[in-house]
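Trainee: when you get a sec, could you give me coordinates for this:
(2 chains)
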2 protein chains.
Amino acid sequence: MAVTLELSLLLAQLETLGAIGAEGPGRGRTRIALTDAEKAGRDQLVVWMRELDLIVEVDQLGNIFGSLPAATEQGDREPLMIGSHIDTVRSAGALDGCYGVLAGLAVLRAFRAAGIAPARRLVVAAFTNEEGVRYQPDMMGSLVYAGGLAIDDALASRGTDGSRLGDELARIGYAGDAPCGFLTPWAFLELHIEQGPVLEAAGARLGVVRGVQGISWQRITLKGEANHAGTAPMAFRHDAGYGAAATVAFLREQITKAAPGTTLATVGSLTLAPDVINVVPEQATFTVDLRDPDEAQLAAAEAKLDHFLDALAKAEGLTVHTEQLVRFSPVAFHAGLRKRIRAAAEASGEAPLELTSGAGHDAQMMARIAPSAMIFVPSIKGISHNPEEATDPADLALGAEVLLRVVEDCLAVPLGEAP
Amino acid sequence: MAVTLELSLLLAQLETLGAIGAEGPGRGRTRIALTDAEKAGRDQLVVWMRELDLIVEVDQLGNIFGSLPAATEQGDREPLMIGSHIDTVRSAGALDGCYGVLAGLAVLRAFRAAGIAPARRLVVAAFTNEEGVRYQPDMMGSLVYAGGLAIDDALASRGTDGSRLGDELARIGYAGDAPCGFLTPWAFLELHIEQGPVLEAAGARLGVVRGVQGISWQRITLKGEANHAGTAPMAFRHDAGYGAAATVAFLREQITKAAPGTTLATVGSLTLAPDVINVVPEQATFTVDLRDPDEAQLAAAEAKLDHFLDALAKAEGLTVHTEQLVRFSPVAFHAGLRKRIRAAAEASGEAPLELTSGAGHDAQMMARIAPSAMIFVPSIKGISHNPEEATDPADLALGAEVLLRVVEDCLAVPLGEAP
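Mentor: So this is what the prediction gives:
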């Protein structure tokens, strides 16, 4: 019996999961990690895993794994893992993360339906707190699973609401027994929406992800001197707000326009104090999000920003305090798996586009412990983290089909051999 | 009997009034217009006025007037008014406004003590809501008194706390009967701390104020498009935060550095939305405070800003909404009164400095209906609107002495003649 996907059930499950935490018609859904709404999403996923009679395991950080055992003991020791996450940002779309988890579930369902015990154990993983809205850092579940952060440190994390992650995990009933990292994947695959405009702009329906950009998050505080807007001559001022504005302009003009032009720079958050119309700002606090697919370029951007801030502080009589919030080096995905994805896409009649992921993903953490790769489908208008996030259902179907082909291709690799 | 000031009582009253609304040692005082703390300040002032047996009158906007009648009926019809305000900003110093009111009271006390009925009625005025913290615009009491804003509009003002000004005025018991403008001054004098560094830097102990800068307050809202900081290519962005930063930089580089270099520009308040580290800002709302002693320069700065915003909107794909919050043309004080102030200062052995006021003052509103002028004393380090606001007590005494000399000089002008 051939292995085939029940595509209509995949789309129905995306809709059912997307209705959990929904805020009303056209308004998105909010399932922030370890809240009651997110617990409801987890419960639904576990129900679906049990319906397929998968082995359901939860690790100490609440990462959920549903496994279809292999035909042999050795096949169980070389599992092929498919994963992503089901937590969301505030007022999110229905696809981010959920698409990868539920497409993985659709692949396992196809094997169940065909009555085939696969050559390698097939595992669907849903990682805890990928979004990092409430607890930092983001991609926490896969980071801890891959050994990049100690479980105790993760459990001790304080949320934006003051809560302790471990307490909330226990409260919602997902503090499991399995040690993080208890299954070492032979390979890890993640199917995801692009969340950007590149595939759509290129007219491609499928992306083979080269890797994930490096990311540097800093919080910068400039301190100057409050003064009367009407009486302080310009030359006497130590204007922290001007310092922040000059930095934003520098990032745009000098960092993102520098060759080779791959660096992205964003100041998303900025606050002035005392924030009064006729008072020269004493303090400006702002964030800098720098990304680049190349580590040397990312480090160069950071160094240029440091030098700029030093010179600015001297010229304007400001003090600078910089705090590094997040720093991940760029990740390159596994060449062999990328080749398999390209071949599977071409077998489906598509010319896939190679692209770098701008957003972070669980696969970049799993790449620390296993050959890993990602498949992208287009996001309409590049919109994501927004109720308007959408992908053509035909593209969602194509992505799941290609994932199934890659899984079949991987299962054909003899046990004991690398992907 | 000579007319002499009781300087120690003036300093003691400044301290007593400064203790009302105090927030603790070294922490300033808060008597925002029409709050309970400000009512307590008013009550203290009225007690002091009654101790001098002045005629106390309160007008419909709560402006308080204490009058020492003239020797003749005609002298009562040509009153010499000395005034300022006793409301404060948040965490204010003890001198701003209060010094002018209490020095005026000291002058009237000197005439009372000497048993002299002055040739012109002497009036001390304390105007409502000069600071404009809770209700806009600032300098409201003198503006309405001078006919620049209708009393009903002022009473209908909504505060930052949602309160109606007229209700709060009645609540604290200062909704008086006298029509605003019921006394037309023959001349108006205001003694004030400089609130800037100019006198101190020049080593001058006294300032003759040429006039008050024109002031333009705008609130500008830029709208762009929220987007993912990791996936939106720089060229695809419509970054409202960058637009705001570019405007701040433009104001500094192109407006304040343009000849003749008299324009001041301040962006004191700036808010981004959604204000999240990894989201390109969809909206930026910020204020622009422009000031210049010359109306043509001020208007030119406004026009340049308009053109810049138009070009920015086109280049960045943003929309611009501009709201004018306050607009006052520059005011030149009365040449004759300025000459009398200079002469009085020189008679006290001082070489006064001519300077323009950067801050707005009640005298600029009173200049609409009467010959008006201002005397400045130095602010240590130019600090004001701050608990550290201070002036050397010897300079406070000198200012009051010069005020008394100017009053005596004015009283010597024959009734029916202009100042």
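Trainee: what bits of chain A have low per-residue confidence?
Mentor: Scanning chain A for pLDDT under 70 picks out A:1.
Trainee: hmm, what's the outermost residue in it?
Mentor: A:Thr231 (49.3 Å; CA atoms, centre = their mean).
Trainee: doesn't B:His192 make contact with it?
Mentor: No - using CB atoms under 8 Å, A:Thr231 is not in contact with B:His192; the gap is 11.2 Å. In this view, the C-beta of every residue, glycine as well, is placed from N, C-alpha and C.
Trainee: follow-up on the earlier one: and the residue farthest from the centre of chain A, which of the three is it?
Mentor: Judged by DSSP: H, G, I helix; E, B strand; the rest coil, the three-state class of A:Thr231 is coil.
Trainee: pull up the gap between it and B:Leu264, please.
Mentor: Computed as CB to CB, to the nearest Å, the A:Thr231 to B:Leu264 distance reads 9 Å.
Trainee: which residues do those two both contact?
Mentor: B:Gly358 (CB atoms under 8 Å, 6 or more residues apart in numbering or on different chains).
Trainee: wasn't A:Lys381 part of a strand?
Mentor: No - A:Lys381: not assigned to a strand; according to three-state DSSP it is helix.
Trainee: okay, domains of chain A per the record?
Mentor: A:7-212+A:331-411, A:214-328 (automatic domain parsing).
Trainee: would you turn these into JSON lines with distance to B:Gly243?
Mentor: Shown next, in JSON lines, are these (distance: least, CB to CB, whole Å):
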{"stretch": "domain A:7-212+A:331-411", "distance to B:Gly243": "20"}
{"stretch": "domain A:214-328", "distance to B:Gly243": "10"}
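Trainee: so which bits of the longest helix seen in chain A are buried?
Mentor: What stands out as the longest helix in chain A, according to DSSP state H, is helix A:295-316. Buried positions in helix A:295-316, judged by neighbour count with 16 or more other CB atoms under 10 Å in any protein chain shown: A:Gln297, A:Leu298, A:Ala299, A:Ala301, A:Glu302, A:Lys304, A:Leu305, A:Phe308, A:Leu309, A:Leu312, A:Ala313, A:Glu316.
Trainee: again with stretch A:11-21
Mentor: Applying 16+ other CB under 10 Å to stretch A:11-21 flags A:Leu11, A:Gln13, A:Leu14, A:Leu17, A:Gly18, A:Ile20, A:Gly21 as buried.
Trainee: packing partners for the helix or strand containing the fourth one?
Mentor: Read that as A:Leu17. Using DSSP states H and E, A:Leu17 sits in helix A:7-18. Applying 3 or more CB pairs under 8 Å, 6 or more residues apart in numbering or on different chains; DSSP states H and E, we find helix A:7-18 packed against helix A:36-51, helix A:98-114, helix A:393-411.
Trainee: those: which one's closest to B:Ser67?
Mentor: Of all the helices and strands packed on helix A:7-18, it is helix A:36-51 that lies closest to B:Ser67, at 68.4 Å by CB to CB.
Trainee: give me the residues contacting the helix or strand following that closest one.
Mentor: Using DSSP H and E, the helix or strand that follows helix A:36-51 in sequence is strand A:55-58. Under the contact criterion CB under 8 Å, 6+ apart, strand A:55-58 has outside partners A:46, A:49-50, A:64-67, A:69, A:174-178, A:182.
Trainee: next helix or strand past strand A:55-58?
Mentor: Using DSSP H and E, the helix or strand that follows strand A:55-58 in sequence is strand A:64-68.
Trainee: that next one to helix A:36-51, inter-axis angle?
Mentor: Here the directions of strand A:64-68 and helix A:36-51 differ by 10 degrees (axes from the mean of the first three to the mean of the last three CA atoms, to 10 degrees).
Trainee: other SSEs contacting strand A:64-68?
Mentor: helix A:36-51, strand A:55-58, helix A:98-114, strand A:122-126.
Trainee: please identify the helix or strand for A:Val320.
Mentor: A:Val320 belongs to strand A:319-328, assigned by DSSP H and E.
Trainee: list the buried ones in that strand?
Mentor: Result for strand A:319-328 [16+ other CB under 10 Å]: buried residues A:Val320, A:Val326, A:Phe328.
Trainee: can you check stretch A:32-42 too?
Mentor: A:Ile32, A:Ala33, A:Leu34, A:Thr35, A:Glu38, A:Lys39, A:Gly41, A:Arg42.
Trainee: what about A:Gln254, how many neighbours?
Mentor: A:Gln254 has 14 neighbours, counted by other CB atoms under 10 Å in any protein chain shown.
Trainee: distance of the nearest residue to it once chain neighbours are set aside from A:Ser329?
Mentor: Distances taken as CB to CB, 6 or more residues apart in numbering or on different chains place A:Lys304 nearest to A:Gln254, at 6.7 Å, with adjacent residues excluded. Distance of A:Lys304 to A:Ser329, computed by CB to CB: 18 Å.
Trainee: can you redo the buried residues of stretch A:32-42 as a markdown table with distance to B:Gly241?
Mentor: As requested, the buried residues of stretch A:32-42 are exported to a markdown table (distance: CB to CB, whole Å):
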| residue | distance to B:Gly241 |
| --- | --- |
| A:Ile32 | 24 |
| A:Ala33 | 27 |
| A:Leu34 | 31 |
| A:Thr35 | 29 |
| A:Glu38 | 30 |
| A:Lys39 | 35 |
| A:Gly41 | 32 |
| A:Arg42 | 36 |
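Trainee: which of those residues sits closest to B:Ala345?
Mentor: A:Ile32 (66.7 Å).
Trainee: so how far does stretch A:355-362 reach from one end to the other?
Mentor: Start-to-end span of stretch A:355-362 (CA to CA, to the nearest Å) is 17 Å.
Trainee: list the buried residues of that stretch.
Mentor: Applying 16+ other CB under 10 Å to stretch A:355-362 flags A:Leu355, A:Thr356, A:Ser357, A:Gly358, A:Ala359, A:Gly360, A:His361, A:Asp362 as buried.
Trainee: chain B: which of these is nearest?
Mentor: A:Gly358 (3.5 Å; CB to the nearest CB).
Trainee: now do the contacts for A:Val288.
Mentor: Counting by CB under 8 Å, 6+ apart, A:Val288 has contacts A:Ser216, A:Trp217, A:Gln218, A:Ile220, A:Thr247, A:Leu251, A:Ala265, A:Thr266, A:Val267, A:Leu305.
Trainee: the fourth one: neighbour count?
Mentor: Residue crowding around A:Ile220 was assessed by other CB under 10 Å; the count is 20.
Trainee: for A:Met81, which three-state class applies?
Mentor: Criterion first, three-state DSSP; result for A:Met81: strand.
Trainee: thought A:Pro185 was touching it, still the case?
Mentor: Yes - contact criterion CB under 8 Å: A:Met81 and A:Pro185 qualify, at 3.9 Å.
Trainee: which neighbours do those two share?
Mentor: Counting by CB under 8 Å, 6+ apart, the shared contacts of A:Met81 and A:Pro185 are A:Val123, A:Met366, A:Ala370.
Trainee: so can I have a markdown table of the residues you listed showing neighbour count and distance to A:Gln74?
Mentor: Formatted as a markdown table, the shared contacts of A:Met81 and A:Pro185 follow (neighbours: other CB atoms under 10 Å in any protein chain shown; distance: CB to CB, whole Å):
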| residue | neighbour count | distance to A:Gln74 |
| --- | --- | --- |
| A:Val123 | 23 | 16 |
| A:Met366 | 27 | 21 |
| A:Ala370 | 21 | 17 |
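Trainee: which of those residues sits closest to A:Arg210?
Mentor: Distances from A:Arg210 to those, taken by CB to CB, are shortest for A:Met366, at 16.1 Å.
Trainee: residues touching that closest one, list them.
Mentor: A:Met81, A:Gly83, A:Ser142, A:Tyr145, A:Ala146, A:Pro185, A:Phe188, A:Glu190, A:Ser372.
Trainee: cool, and A:Ser384?
Mentor: Neighbouring residues of A:Ser384 by CB under 8 Å, 6+ apart: A:Gly93, A:Asp96, A:Ile193, A:Gln195, A:Gly196, A:Ala359, B:His228, B:Thr231.
Trainee: I'd guess it is in a strand, am I close?
Mentor: No - counting by three-state DSSP, A:Ser384 falls outside a strand, being coil.
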